[in-house]
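Colleague: Sharing a model prediction with you, sequence too.
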Amino acid sequence: MSLIKKAVIPIAGFGTRFLPITKSVPKEMIPILDKPTIHYIVEEAVNSGITDILFVTSKHKKCIEDYFDNFKELENVLELSGNYEMLNIIKDISNMANISFVRQKEQKGLGHAIYHAKAFVGSDPFCVLLGDDLIYNDNKPCLKQLIDIHDDYGGSVIGVQKVDFKDVDKYGIIDGVEVYKDLYEVKNLIEKPHVDHAPSNIAILGRYIISPSIFEFLEEGLVGKGGEIQLTDSILKLLTNEKVYAYNFEGIRYDIGNKLGYLEATIDYALRDNSINRDLTRYLKER
Ligand code: G1P
């Protein structure tokens, strides 16, 4: 059994790529079918053995707290009307994990957001999941794959996949030595490099197992790419004393932070849903 039980999910961002809806609805609450995207992220964590989740949040995200809270009045209505199936679904959402929240008062970058988890994390390695990366694997969740690597090899573990070279400037990019099939020992990391300076096209895709020593470096608050405190820069510093691995995980990854990726996810999840896939297929063929 893995000792990794804690996950941090930063949700403080403005979601500017989805304005105007994100003016009043957090991007994490935009649905894929009938569940908000953040539900899928929490589900992945829980299905990977995580019991405690910290959301690093901000103003205007209160409905995410409500979503994971219980709602007795609604449960009573569902019970009285005999809708036990939905009653169980609703109850399960508030029992998925021990969820807590900390406010990030200013948005100074991903590294700054993760620094807010210092007290929650304590002295064990912990996970980070980013909500813009939705990863589908109905056999073994991406995060569980990384936890298994950590349990075998120790150190920090970053989830990666290859991307087109033309897209390397959208990601943290790693340079490493393949020590086993799909497993790299990381030698360097660069946040959003220009294609001419990218050491590879192996991109960090929103899933991490991180050593608690990261907080020593995050505390320095060094400003990096885009004028932000980057998590990638502090992971680079970890390399001085500790091993960092990158694992080319199995799973389909959707970039739901952009409109096309979001639509692709919506269509694929609907095609996997027995209650809707036949009608949707017919509709798509007609189109
Ligand atoms: C963040 C990380 C970057 C990573 C990306 C994955 O960037 O800083 O290293 O590749 O997430 O989605 P962001 O997209 O938040 O700017």
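Modeller: Good, I have the coordinates.
Colleague: and the residue in the stretch 51-200 of the chain that the ligand sits nearest to, what is it in contact with?
Modeller: When you check the stretch 51-200 of the chain against the ligand by Cβ to the nearest ligand atom, the closest residue turns out to be G172, at 2.5 Å. To be clear about C-beta, it is placed using only N, CA and C from the backbone, and glycine gets the same treatment. By Cβ atoms under 8 Å, 6 or more residues apart in numbering, the contact set of G172 is L189, I190, E191, K192, A203, I204, Q230, L231, T232.
Colleague: And the pLDDT for it?
Modeller: G172 carries a pLDDT value of 98.
Colleague: From P141, how far out is it?
Modeller: 21 Å (Cβ to Cβ, to the nearest Å).
Colleague: Which residue ranges of the stretch 1-150 of the chain form strands?
Modeller: 6-10, 31-32, 35-36, 52-57, 98-103, 126-129, 133-136 (DSSP state E, counting those that start in this stretch).
Colleague: Tell me which other helices or strands the fifth one touches.
Modeller: When you say that, I think you mean strand 98-103. If you count contacts as 3 or more Cβ pairs under 8 Å, 6 or more residues apart in numbering; DSSP states H and E, strand 98-103 packs onto strand 52-57.
Colleague: what lines up beside the strand it packs on in the sheet?
Modeller: strand 6-10 (parallel), strand 98-103 (parallel) (DSSP bridges).
Colleague: What is the distance between the longest one and the centre of its chain?
Modeller: Per Cα atoms, centre = their mean, to the nearest Å, the displacement of strand 98-103 from the mean C-alpha position of its chain is 15 Å.
Colleague: Tell me which residues of it come out buried.
Modeller: I99, V102 (16 or more other Cβ atoms under 10 Å).
Colleague: among the contacts of G172, which are in reach of the ligand?
Modeller: E191, A203, I204, Q230, L231, T232 (Cβ under 6 Å from any ligand atom).
Colleague: Help me confirm that the first one comes into contact with S234.
Modeller: So the one you mean is E191. No - using Cβ atoms under 8 Å, E191 is not in contact with S234; the gap is 10.6 Å.
Colleague: of those two, who's got more company?
Modeller: Between E191 and S234, counted using other Cβ atoms under 10 Å, S234 has the larger neighbour count: 26 against 22.
Colleague: Kindly provide the distance from the most far-flung residue of the chain relative to its centre to E191.
Modeller: Within the chain, L80 marks the point farthest from the mean C-alpha position, 36.9 Å out by Cα atoms, centre = their mean. L80 sits 53 Å away from E191, taking Cβ to Cβ as the criterion.
Colleague: ditto for A203
Modeller: From A203 to E191 the distance is 11 Å (Cβ to Cβ).
Colleague: can you list the residues of the stretch 151-287 of the chain near the ligand?
Modeller: So far as Cβ under 6 Å from any ligand atom goes, the stretch 151-287 of the chain lies against the ligand at Y171, G172, E191, A203, I204, L205, G206, Q230, L231, T232.
Colleague: Now distance to T266 too, for those residues, in TSV please.
Modeller: What follows is these, written out as TSV (distance: Cβ to Cβ, whole Å):
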residue	distance to T266
Y171	23
G172	26
E191	29
A203	23
I204	24
L205	19
G206	18
Q230	30
L231	28
T232	29
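Colleague: so of those, which ones are in helices?
Modeller: Here DSSP state H is the test, and those give L231, T232 as lying in helices.
Colleague: Most widely separated two among the residues of the stretch 151-287 of the chain next to the ligand?
Modeller: For these, the maximum inter-member distance is 15.6 Å, found between L205 and Q230 (Cβ to Cβ).
Colleague: Show me what counts as buried in stretch 222-240.
Modeller: Those would be 224, 228-239, for stretch 222-240 by 16+ other Cβ under 10 Å.
Colleague: before we move on, what about stretch 151-164?
Modeller: Taking 16+ other Cβ under 10 Å as the criterion, stretch 151-164 shows G155, S156, V157, I158, G159, V160, Q161, V163 as buried.
Colleague: JSON lines for these, including secondary structure and pLDDT?
Modeller: Output for these, formatted as JSON lines (DSSP: H, G, I helix; E, B strand; the rest coil; pLDDT from 0 to 100):
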{"residue": "G155", "secondary structure": "coil", "pLDDT": "97"}
{"residue": "S156", "secondary structure": "strand", "pLDDT": "98"}
{"residue": "V157", "secondary structure": "strand", "pLDDT": "98"}
{"residue": "I158", "secondary structure": "strand", "pLDDT": "98"}
{"residue": "G159", "secondary structure": "strand", "pLDDT": "98"}
{"residue": "V160", "secondary structure": "strand", "pLDDT": "98"}
{"residue": "Q161", "secondary structure": "strand", "pLDDT": "98"}
{"residue": "V163", "secondary structure": "coil", "pLDDT": "97"}
